[in-house]
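Enquirer: Only the shape, not the letters, is given here:
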C-alpha cells in the first residue's frame, strides 16, 4: 500500500518521503540504500535510544528514509534469559508516541 500510494502521489507531482525501519536484509537486497549523516535519540522509559538514518531514491520524487536501530529492527527473533525464551521487543514500540 505504501509503495502504491507513494508512486501515485509522485505521479501527481508531489515529492514523497516514506519513513520505515531498516529491517534485516534491506541493505543487502537494495544496493542503492546509503547511510546519511542524520542521527537522533528518543527517550524510552528511563533510557535513551539512538538511531541512524539511511536513504534511497527508488523513483523520481520518492525518497525512502530507513531508521537504523538494530536493537529494535534487527534483533534475533527470540532471546533466552535464565532458561526462559521470550520474543524481543516489538519494533512498533520505537515509533509509539510517548505517553
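Expert: Nice, thanks for sending it over. The model shown is predicted, which means the values in this text are computed figures rather than measured ones.
Enquirer: For the rest of this, base every contact and every neighbour count on C-alpha atoms.
Expert: Fine.
Enquirer: Residues in contact with stretch 21-30: which ones?
Expert: Contacts with stretch 21-30, where a contact means CA atoms under 8 Å, 6 or more residues apart in numbering, come from 33, 54, 66, 67, 68, 69, 73, 74.
Enquirer: what about it, start to end distance?
Expert: 14 Å (CA to CA, to the nearest Å).
Enquirer: cool, stretch 31-50 as well?
Expert: Across stretch 31-50, first to last residue, CA to CA, it's 24 Å.
Enquirer: That stretch: which residues count as buried?
Expert: Neighbour-count burial for stretch 31-50 flags residue 33 (criterion: 16 or more other CA atoms under 10 Å).
Enquirer: Distance from the chain centre to that stretch, please.
Expert: 9 Å (CA atoms, centre = their mean, to the nearest Å).
Enquirer: before we move on, what about stretch 59-71?
Expert: 7 Å.
Enquirer: counting contacts, what elements does whatever helix or strand residue 58 lives in pack onto?
Expert: Per DSSP states H and E: residue 58 is located in strand 47-59. Using 3 or more CA pairs under 8 Å, 6 or more residues apart in numbering; DSSP states H and E as the contact test, the elements touching strand 47-59 are strand 34-44, strand 62-68.
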